[in-house]
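# Here is a sequence together with a model predicted from it:
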Amino acid sequence: MPNRLRRMAATTRVRARDVDRAAVRDALDSAFADGQLTDAEHRIRVEAAGTARTLADLDGLVRDLQVPNDLRESASTPPPPRSTRWAVALAAAVVLACGVVAVTSSRANDRPVAGAAGPQAELTTAAGFGRMIDEIAHHLGDSQVDRLTVHPAYATFSRPVPGRPGSEQSYRYEVEDGRARISDDGTPSPRTEGVPVDLAELRPNVSRLIGLLYGADRTLGVGDPTDTYLIAERGDDGPAVSIYLRNEDTGAQGFLIVGFDGSVRGVYRTDR
């Protein structure tokens, strides 16, 4: 028995990697979306996942969440301790549910990605939003934009024209049949005032942002929203994303302002 306990302690004390923390954050987003976690619980656990040092720390954040039966024993033989099986199974469930895939680096305009078609291509998921930021950087050389507007099926953004500080170019991003496409409108226009924001600063907190989006209908009091979109740009307090929800049938609407660091800066709803 002492040896078994020492083996278990050694396993759960293994240092967590960034990929482990990201998998748990995605699991928490999924649990929040299907009602297992409240907004406050989700926020606290996501913040804890970001600072977790060991696999045991991460396991404690997901141990009480539901996992599909067919994944509970997905760990290889010999089986690791029960807590590790839960973490491995839940991470696998998140991969299957969210369509997380590996993307090889390329500067090609159209890049097929296995499993990216269908609902997984929606830009208002953690996988879809994160892929969009990566694609912008790969295709255009960096991830700086003056303004980015994201809808579930497509996004538009503008950025300065190199060598022409008074001009900006508008682009459209969408995913069709698993391929990411970035197209421009062909004609630069006069640039609006403002300073570009770097989406790379937002990239580590995409899961946090999407988690807030999943709970925005309750936070803003907008049930069954018919219109949802996000706008990333520089505000008075620095780079931020505004999450807008509207129900055109009831007239309810509101928006959240979230900093690139994942902090909530403001909540605005029409019923208060």
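Everything's here; your move.

# which residues of the stretch 1-150 of the chain score low on pLDDT?
Applying pLDDT under 70 to the stretch 1-150 of the chain flags residues 1-13, 67-121.

# where do the helices sit along it?
Assigned by DSSP state H, counting those that start in this stretch, the helices in the stretch 1-150 of the chain fall at 2-12, 18-33, 39-51, 55-62, 82-98, 126-140.

# hang on, residue 261 in a strand?
No: counting by DSSP: H, G, I helix; E, B strand; the rest coil, one finds residue 261 to be coil, located in no strand.

# Next one: it from residue 238, what distance?
Here residue 261 is placed at a distance of 9 Å from residue 238 (C-beta to C-beta, to the nearest Å). For glycine as for every other residue, the C-beta is placed from the backbone atoms N, C-alpha and C.

# Pull the contacting residues for the nearest residue to residue 189 once chain neighbours are set aside.
Using C-beta to C-beta, 6 or more residues apart in numbering and skipping residues adjacent in sequence, the residue nearest residue 189 is residue 168, 6.1 Å away. The contact partners of residue 168, taken as C-beta atoms under 8 Å, 6 or more residues apart in numbering, are 146, 158, 159, 160, 161, 188, 189, 190, 191, 192.

# Who does residue 168 form a beta bridge with?
Using DSSP bridges, the bridge partners assigned to residue 168 are residue 160, residue 189.

# Is it possible to get JSON lines of the contacts of residue 168 that adds distance to residue 56?
Listed next are the contacts of residue 168 as JSON lines, based on distance: C-beta to C-beta, whole Å:
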{"residue": "146", "distance to residue 56": "44"}
{"residue": "158", "distance to residue 56": "46"}
{"residue": "159", "distance to residue 56": "44"}
{"residue": "160", "distance to residue 56": "47"}
{"residue": "161", "distance to residue 56": "51"}
{"residue": "188", "distance to residue 56": "54"}
{"residue": "189", "distance to residue 56": "54"}
{"residue": "190", "distance to residue 56": "56"}
{"residue": "191", "distance to residue 56": "51"}
{"residue": "192", "distance to residue 56": "50"}
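
# and the two most separated of those residues?
Pairwise distances across the contacts of residue 168 peak at 13.9 Å for 159 and 190 (criterion: C-beta to C-beta).

# Pick out whichever of the two has more residues nearby.
More neighbours surround residue 159 than the other of residue 159 and residue 190, with 21 against 7 (other C-beta atoms under 10 Å).

# Quick check: the more buried one touching residue 146?
Yes: contact criterion C-beta atoms under 8 Å: residue 159 and residue 146 qualify, at 5.9 Å.

# what sits in contact with each of the two?
Counting by C-beta under 8 Å, 6+ apart, the residues touching both residue 159 and residue 146 are 168, 196.

# For the stretch 151-272 of the chain, which residues score under the pLDDT cut-off?
For the stretch 151-272 of the chain, the ranges with pLDDT under 70 are 192-194, 272.

# Could you chop this protein up by domain?
If you go by automatic domain parsing, the domain ranges for the chain are 2-98, 118-201, 203-269.

# Just the CA atoms of stretch 228-239, as CSV, please.
Extracted C-alpha coordinates of stretch 228-239, given in CSV (Å, rounded to 0.1, in the frame of the first residue of the first chain):
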residue,chain,number,x,y,z
THR,A,228,-24.7,37.7,-31.7
TYR,A,229,-21.4,39.3,-32.7
LEU,A,230,-18.1,40.5,-31.2
ILE,A,231,-16.0,43.6,-32.0
ALA,A,232,-12.3,43.8,-31.0
GLU,A,233,-10.7,47.2,-31.1
ARG,A,234,-8.8,49.7,-28.9
GLY,A,235,-11.0,51.4,-26.3
ASP,A,236,-10.3,54.1,-23.7
ASP,A,237,-8.8,51.5,-21.4
GLY,A,238,-6.8,49.6,-24.0
PRO,A,239,-7.6,46.7,-26.3
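
# Brilliant, that's me finished.
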